[in-house]
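S.K.: missing the sequence, but the structure's below:
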């Protein structure tokens, strides 16, 4: 015997669901490739959301001891720099552009990458390295900052991201 | 502008309950707002952060960033998140009776 439904099966339209957790992938190793992910992760923590950050490929530079104090802006192959490739490729160009950008960031109270990563870890964001990328670059746990929680696989990352959006940068 | 009544006072607030006129704030109101936002007791460290936030806003016209808060308020980043798990800058501003911080960091 079939039951008669007296109420609609679908859930009533509820208010927009709040995000309570975000997982961010940082895959690039230039200044402009790393900052967006750091800023978004920090913004999530500031709103009281859980934040995971997965560093992969050249993004690993952001969590490599020592190296993360030396991140540069890419001045070649970036049309938004409005700089001819030949000029952007001149020695010192990347360092100069980095210096100018860091000055502006300091004015806006945005910390340099190493300090920013530290601040994120202190804020309770969880930082992870990508297992495959670590193997590819022949890196070891000791090469990374102490605050890196773990080196994990893509599968681990997906499980960890459950319940919130994944943002690739 | 919406208003909210706390301790028999009418306060101008935004949709999220941030005071729009810092001069309407008192310490009793701060304690009340804190209690409503998951902080039953304001400890000395809470007060340190709340006062720093409020004073910075009143003297510069803008709420300090989380970086400045961690460096200058007297409580470090880890401590800030222990005191205000739901977001230190936002909550300290709310308790301190200043408008919601506008910055991204």
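M.R.: Now that the structure is in, tell me what you want to look at. Here the structure is a predicted model, which is why all the values come from computation and not from measurement. Numbering: from 1, shown residues only, chains lettered A, B, ... in the order given.

S.K.: okay, CA-based contacts and neighbour counts for the rest of this
M.R.: Will do.

S.K.: any idea where the strands of the chain begin and end?
M.R.: The chain I'm using is chain A. Secondary structure of chain A (DSSP state E): strands at A:21-26, A:50-55, A:126-130, A:150-152, A:166-168.

S.K.: my bad, chain B
M.R.: B:3-6, B:9-12.

S.K.: Let me know which of the ones you listed is tucked in deepest.
M.R.: Across the strands of chain B, the average number of neighbours (mean count of other C-alpha atoms under 10 Å in any protein chain shown) peaks for strand B:9-12, which reaches a mean of 16.

S.K.: Can you give the strand pairings for that one, parallel or anti for each?
M.R.: strand B:3-6 (antiparallel) (DSSP bridges).

S.K.: Can you tell me which residues in chain A are near chain B?
M.R.: Residues of chain A found near chain B (C-alpha under 8 Å from any C-alpha of the partner chain) are A:39, A:42-43, A:45-49, A:109-111, A:119, A:122-124.

S.K.: ok, the residue of chain B found nearest chain A - contacts?
M.R.: Proximity of chain B to chain A (C-alpha to the nearest C-alpha) peaks at residue B:86, 3.9 Å away. Contacts for residue B:86 (C-alpha atoms under 8 Å, 6 or more residues apart in numbering or on different chains) come out as A:46, A:47, A:48, A:49.

S.K.: Run through the bridge partners of the closest residue to residue A:166 other than its chain neighbours.
M.R.: Leaving aside its chain neighbours, residue A:166 sits nearest to residue A:23 (4.8 Å; criterion: C-alpha to C-alpha, 6 or more residues apart in numbering or on different chains). Beta bridges link residue A:23 to residue A:52, residue A:166, judged by DSSP bridges.

S.K.: so how far is chain B from residue A:23?
M.R.: With distances taken as C-alpha to the nearest C-alpha, to the nearest Å, residue A:23 is found 18 Å from chain B.

S.K.: ok, back up a step: just the ones of the contacts of residue B:86 in helices?
M.R.: In this view, the contacts of residue B:86 that belong to helices under DSSP state H are residue A:46.

S.K.: Output the contacts of residue B:86 as CSV; include the columns neighbour count and pLDDT.
M.R.: As requested, these are exported to CSV (neighbours: other C-alpha atoms under 10 Å in any protein chain shown; pLDDT from 0 to 100):
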residue, neighbour count, pLDDT
A:46, 23, 96
A:47, 17, 94
A:48, 21, 95
A:49, 22, 97
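
S.K.: Nearest approach to residue A:68 belongs to which of the strands of chain B?
M.R.: Smallest distance to residue A:68 across the strands of chain B (C-alpha to C-alpha): 45.5 Å, for strand B:9-12.

S.K.: List of residues touching the closest one?
M.R.: B:1, B:2, B:3, B:4, B:5, B:19, B:20, B:21, B:24.

S.K.: List the beta-bridge partners for the spatially closest residue to the last one that is not a sequence neighbour.
M.R.: Think residue B:24. Nearest non-adjacent residue to residue B:24, counting by C-alpha to C-alpha, 6+ apart: residue B:11, 6.5 Å away. The partner list for residue B:11 in beta bridges (DSSP bridges) reads residue B:4.

S.K.: so which of the strands of chain A is the most packed in?
M.R.: strand A:50-55 (a mean of 25).
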